[in-house]
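1. Quick one: sequence plus predicted model below, questions after.
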Amino acid sequence: MSETLTDWQAWHRRYDDPASPLSRRLGIVQALLREALFAAPAGPIALTSVCAGDGRDVRGVLAEHPRAVDVAAALVEKDPDLAAAAGAVVGDAGDLSTYREIPPADVLLVCGVFGNIADDDIRTTIENASRLCRPGARVLWTRGRREPDLTPAIRRWWGDAGWRETSFVTGAPTAEWSVGAAYLTRDPLPYEQMRLFTFVR
Ligand SMILES: C[S@@+](CC[C@H](N)C(=O)[O-])C[C@H]1O[C@@H](n2cnc3c(N)ncnc32)[C@H](O)[C@@H]1O
């Protein structure tokens, strides 16, 4: 576990290179987000992004998607400068009380989170993600695949929590990243104030 906290603004500069693994991951997140919006039933779509960063995944898609007019997006980000770029709520996305005023999501993004929290927190987040969601919600998540690769366990945890996987895309051959998508097949758990995770990097 690293003792050094990450400079998240510097981390975002890896997006400046369109050939970087992070940029390729962004392309997949955006493609799957486009699909999730097309798959949403007619009517309003509530979207929540957990640890949104500068929100480029969501903003890039909403700039050109036909369903964008239906989307009410709530992005939650701790860094005030990144939050300002994203149009995000400044807050601790690991604390469910932060979402008190945020409507339950039809589309939930948990991108760039699972590589920065303890394994137990990943599991807690997955087991309780539906507390932030409406029935039938779709989730997009990411996680690096360097050994020890936790993605087999993560995919199983989503399944155990009632989410059916629709995509799992991995950045072969470097295996630096993966993006998963799933939809909720069970009734969401009720909203409750609890801690999902704490960043360790
Ligand atoms: C790896 S970046 C991911 C950003 C974005 N989701 C993406 O994939 O491009 C992690 C982000 O989480 C933010 N962050 C860290 N701890 C947080 C917390 N407790 N609540 C909200 N955001 C947090 C950081 O400031 C950073 O912008």
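-> Arrived safely, thanks for sending.

2. Can you tell me which residues in this protein are near the ligand?
-> Residues of the chain lying close to the ligand by C-beta under 6 Å from any ligand atom are 8, 11, 51-53, 57, 76-79, 82, 92-94, 111-112, 199. Yep, even glycine has a C-beta here, placed from its N, CA and C like the rest.

3. List the ones among those that fall in helices.
-> If you go by DSSP state H, those have Trp8, Trp11, Asp57, Leu82 in helices.

4. Only whichever of those are buried, select them in ChimeraX.
-> Selection of buried members from those for ChimeraX, criterion 16 or more other C-beta atoms under 10 Å:
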select :8,57,82
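
5. and which of the ones in helices among the residues of the chain next to the ligand is nearest to the ligand?
-> For those, the closest approach to the ligand (C-beta to the nearest ligand atom) belongs to Trp8, at 3.7 Å.

6. I'd say the closest one and Leu82 touch.
-> Yes. The criterion here is C-beta atoms under 8 Å, and Trp8 meets it with Leu82 at 6.3 Å.

7. Including pLDDT, could the ones in helices among the residues of the chain next to the ligand go into JSON lines?
-> Formatted as JSON lines, those follow (pLDDT from 0 to 100):
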{"residue": "Trp8", "pLDDT": "95"}
{"residue": "Trp11", "pLDDT": "95"}
{"residue": "Asp57", "pLDDT": "98"}
{"residue": "Leu82", "pLDDT": "97"}
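
8. Let me know the closest of the ones in helices among the residues of the chain next to the ligand to Leu37.
-> Lowest distance from Leu37 to these (C-beta to C-beta) belongs to Asp57, with 12.3 Å.

9. Can you flag the buried ones in the residues of the chain next to the ligand?
-> Here, 16+ other C-beta under 10 Å leaves 8, 51-53, 57, 76-79, 82, 92-94, 111-112, 199 buried among the residues of the chain next to the ligand.

10. Any regions of the protein where pLDDT drops low?
-> For the chain, applying pLDDT under 70 flags the ranges 1-4, 173-174.

11. So which bits of the longest helix along the chain are buried?
-> Assignment by DSSP H gives helix 21-39 as the longest helix of the chain. For helix 21-39, a neighbour-count test (16+ other C-beta under 10 Å) marks Leu22, Arg24, Arg25, Leu26, Ile28, Val29, Gln30, Leu32, Leu33, Arg34, Ala36, Leu37 as buried.

12. Between all of those, which two are separated the most?
-> Leu22 and Leu37, at 22.3 Å, using C-beta to C-beta across those.

13. picking that back up, of all the buried ones among the residues of the chain next to the ligand, which two lie farthest apart?
-> Asp57 and Asp92 (20.2 Å).
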